[in-house]
Structures are given as structure tokens and as C-alpha cells.
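A.B. asks: Below is the sequence, then the predicted model.
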Amino acid sequence: MKPSTNRMLNRIKCIYMFIRKNGIVTTQELVEEFGITPRTIQRDLNVLAYNDLVKSPSRGKWTTTQKKVKMSS
């Protein structure tokens, strides 16, 4: 796997874990927490949403779904 792909997957995993820990978070909170652009956060959230791991109950807010996730290191 390319290093850039590995970084992206690690970042997406960290974003998922942050949302799971905090309940409902805003896109802006994620931008501030991870220090990346809103566009990058949005792309990562789209990956998580496509895989039914997060959902947006209202515009700009995100929470995890009930889908079971097996976490590996």
C-alpha cells in the first residue's frame, strides 16, 4: 500500500474514533481537531458515510451509525 493511502486510512480511522467518542461533532470541530482543510474532512466523511459508519443528522453535524465495526491496529 502506498504511504499516502496508509496515511489517509489512518486519518479516516482517527476521525471515526473521534466522532464515536464525542457523539455529535461539527465539521468545523473536525477541521480544528485534525488541522486539515474542510475539503479534506468532507472527503473523509464521505468515505465514512458511503460505508454507513457515520451520518449527518443535520447540516454540518456528524454522528456514528449503529453499524458494528471491528477495529484493528
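C.D. replies: Thanks, I have it. Since we're looking at a predicted model, the values are computed, not measured. Numbers count the residues shown, from 1 in each chain.

A.B. asks: Show me which residues of stretch 11-19 are buried.
C.D. replies: Neighbour-count burial for stretch 11-19 flags 12-13, 15-16, 19 (criterion: 16 or more other Cβ atoms under 10 Å). Placement of C-beta: from N, CA and C, glycine included.

A.B. asks: for that stretch, the distance to its chain's centre please.
C.D. replies: Relative to its chain's centre, stretch 11-19 lies at 5 Å (Cα atoms, centre = their mean, to the nearest Å).

A.B. asks: and the closest residue to residue 55 other than its chain neighbours, how far is that from residue 56?
C.D. replies: Among residues not flanking residue 55 along the chain, residue 65 sits closest, at 5.4 Å (Cβ to Cβ, 6 or more residues apart in numbering). Between residue 65 and residue 56 the computed distance is 11 Å (Cβ to Cβ, to the nearest Å).

A.B. asks: do residue 45 as well
C.D. replies: 8 Å.

A.B. asks: try residue 4
C.D. replies: Shown here: residue 4 relative to residue 56, a distance of 27 Å by Cβ to Cβ.

A.B. asks: Which one's more surrounded, these two?
C.D. replies: It is residue 56, of residue 4 and residue 56, that has more neighbours when counted by other Cβ atoms under 10 Å, with 13 against 8.

A.B. asks: what about the more buried one, distance to residue 64?
C.D. replies: Using Cβ to Cβ, residue 56 is found at 11 Å from residue 64.

A.B. asks: Now do the helices in the protein.
C.D. replies: 3-22, 27-34, 38-50 (DSSP state H).

A.B. asks: right, so of the ones you listed, which gets closest to residue 70?
C.D. replies: Set against residue 70 and scored by Cβ to Cβ, the helices of the chain come closest in helix 3-22, at 12.0 Å.

A.B. asks: where's residue 68 relative to residue 5, distance?
C.D. replies: In terms of Cβ to Cβ, residue 68 sits 25 Å off from residue 5.

A.B. asks: Neighbour count: those two, which is higher?
C.D. replies: residue 5 (9 against 5).
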